[in-house]
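> can you look at this prediction? I've put the sequence above it.
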Amino acid sequence: MDWQLALVGIMVAAAALYLARASWHSWRSGKAGCSGGCCSTGKEAPSKNGSSAIPLISEDQLTARLRKGTRP
């Protein structure tokens, strides 16, 4: 039983060290935002009316599966 308790203590200590290290690196990072890991490039494709807003899904596309299926 003692070796299990020691093993759990080591695992908890390792997890605490990992969290402390991750927190330290996130606070010390000089990069702003998502630090280059995001999929977004910051440039949205222009829509039909010329604005650079992200296009929304039309109502027809949202309800297409409901019309195809049978309703109880």
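Yep, it's here. Numbering: from 1, shown residues only.
> mind naming the longest helix for this structure?
helix 2-28 (DSSP state H).
> quick one: neighbours of residue 11, just the number.
Residue 11: 10 surrounding residues under other C-beta atoms under 10 Å. C-beta coordinates here come from the backbone N, C-alpha and C atoms, glycine included.
> which secondary structure elements does the longest helix of the chain sit against?
Applying 3 or more C-beta pairs under 8 Å, 6 or more residues apart in numbering; DSSP states H and E, one finds that helix 2-28 contacts no other helix or strand.
> I'd like the average pLDDT over that helix.
Helix 2-28 carries an average pLDDT of 94.
> can you name the next helix or strand after it?
Counting by DSSP states H and E, the element after helix 2-28 in chain order, helix or strand, is helix 59-68.
> now that following helix: buried residues?
Within helix 59-68, no residue counts as buried by 16 or more other C-beta atoms under 10 Å.
> could you export it as PDB, CA atoms only?
This file holds the C-alpha atoms of helix 59-68, laid out as PDB (Å, rounded to 0.1, in the frame of the first residue of the first chain):
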ATOM      1  CA  GLU A  59     -31.400  29.200 -43.700                       C
ATOM      2  CA  ASP A  60     -32.000  26.900 -46.600                       C
ATOM      3  CA  GLN A  61     -28.700  25.000 -45.800                       C
ATOM      4  CA  LEU A  62     -29.600  24.700 -42.200                       C
ATOM      5  CA  THR A  63     -33.100  23.200 -42.800                       C
ATOM      6  CA  ALA A  64     -32.200  21.000 -45.800                       C
ATOM      7  CA  ARG A  65     -31.700  17.900 -43.700                       C
ATOM      8  CA  LEU A  66     -35.100  18.400 -41.900                       C
ATOM      9  CA  ARG A  67     -36.900  18.500 -45.300                       C
ATOM     10  CA  LYS A  68     -35.200  15.400 -46.600                       C
END
